[in-house]
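[1] The sequence isn't on hand, but the structure is:
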């Protein structure tokens, strides 16, 4: 989850950027429709907290609703239980309360439209719902602050359906240092954070290394007995100096761990030009004038594919997936990937680059399902 950008100028430049049209082939649509398609990071829960809408029907705003998801082939979104970093410092219980409220919202969505949605508590549920023609609602917690230093709370959220935890968000918390936070209180993970990673392994909760500092990442690699995920990260190769993304050494460590990086679609995660635009905007004396004179440099589908290609070339096809960050990156989405109806465009791009259907299905879901199953199998012994 990042700050939403709702400025009119961004919306206007988005229309300009859409001038390049993408037309997925019938084959690409078929692959998207006939495959299990998992996106490990969609920020619908917090979007609905900010402004409620019935996403079981077509909506005017946002990046996700049921009709568009069906059109795009999405059948297993991980809905992000996003907790703003500041809540941890506003008093005990606030993060815990919000997390439960957001989970309530996802349960209510499944309850209101049981013919469309079902909560997925296991990797097996994904297959069951797919056969039933239902969309699985899986959940991941973005920011571990609701754990509040209690392993009992970890078990509580697991029982409620959360299947991964992003250890920190935009500020360091009681678990881990954040890649965004210059204050490195823990020099990686806190003592409780190290204990938490071990316990997450034991109960089958995936560890998400997106957002955490490099030092925390390598400490997770040492501690975790099962593969981890980076639920919505991209590559530092294309955004030098942006610690939120992963560098090549981290990718190699991820391969050794057996984990998966799910590529984030947000333009500032994909290109340095978008990163630099935000920096210049923030430093401009007259922000509105800067925005008017400098259209936002949207990333493209091809640049997102470059991230996937690099992962595949460096560490192999078994370690990359999709973590779009839809509904979490505002109006900064790439040309050709503007909402959840756009996955066939991604499939077409992969076909054009010579990926086989077998390998495309690994990217769409196979790799994520593998690490999920491995987490479940490891936890079974406890």
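    Structure received. Note that this is a predicted model, so its numbers are computed, not measured. Residues are numbered from 1 along each chain as shown.
[2] now the most centrally placed residue in the chain, what's its secondary structure?
    Nearest to the mean C-alpha position of the chain, by C-alpha atoms, centre = their mean, lies residue 41 at 2.8 Å. Following DSSP: H, G, I helix; E, B strand; the rest coil, we place residue 41 in the strand state.
[3] which stretch of helix or strand covers the closest residue to it other than its chain neighbours?
    Distances taken as C-beta to C-beta, 6 or more residues apart in numbering put residue 232 closest to residue 41, at 3.7 Å, once the chain neighbours are dropped. For every residue, glycine as well, the C-beta is placed using N, CA and C. Using DSSP states H and E, the element containing residue 232 is strand 229-233.
[4] Now tell me what touches that strand from outside.
    For strand 229-233, the external contacting residues (C-beta atoms under 8 Å, 6 or more residues apart in numbering) are 40-41, 78, 140, 142, 164, 166, 206-210, 244-246, 254, 259-264, 269, 321, 323-325, 328, 368, 371.
[5] pLDDT on the host helix or strand of residue 276, on average?
    Applying DSSP H and E as the criterion places residue 276 in helix 272-283. Mean pLDDT, helix 272-283: 95.
[6] Contacts for it next, please.
    Against helix 272-283 from outside (C-beta under 8 Å, 6+ apart): 238-240, 242, 267-268, 287, 290-291, 294, 296-299, 332.
[7] Same question for stretch 304-311.
    Outside stretch 304-311, the residues that reach it (C-beta under 8 Å, 6+ apart) are 234-235, 237-238, 251, 261, 263, 265, 270, 319-320, 334, 337, 346, 349-350, 353, 363.
[8] and the residues you listed, which are buried?
    Buried members of the contacts of stretch 304-311, scored by 16 or more other C-beta atoms under 10 Å, are 234-235, 237-238, 251, 261, 263, 265, 270, 319-320, 334, 337, 346, 349-350, 363.
[9] Mind checking which of those land in strands?
    Applying DSSP state E to the buried ones among the contacts of stretch 304-311, the entries found in strands are 261, 263, 320.
[10] Leaving out the residues flanking it, which one is nearest to the second one?
    I take that to be residue 263. Nearest one to residue 263, counting by C-beta to C-beta, 6+ apart, is residue 307 at 5.0 Å.
[11] repeat for the last one
    If you skip the residues right next to it in sequence, residue 320 has residue 311 as its closest partner in space, 4.2 Å away by C-beta to C-beta, 6+ apart.
[12] could you measure that neighbour against residue 358, distance?
    According to C-beta to C-beta, to the nearest Å, residue 311 stands 17 Å off from residue 358.
[13] neighbour count winner among the two?
    residue 311 (26 against 9; other C-beta atoms under 10 Å).
[14] can you tell me which helix or strand that one belongs to?
    Going by DSSP H and E, residue 311 is in helix 301-315.
[15] chain center to that helix: distance?
    From the chain centre to the centre of helix 301-315 is a distance of 17 Å (C-alpha atoms, centre = their mean, to the nearest Å).
[16] Next, the angle helix 272-283 makes with it.
    120 degrees (axes from the mean of the first three to the mean of the last three C-alpha atoms, to 10 degrees).
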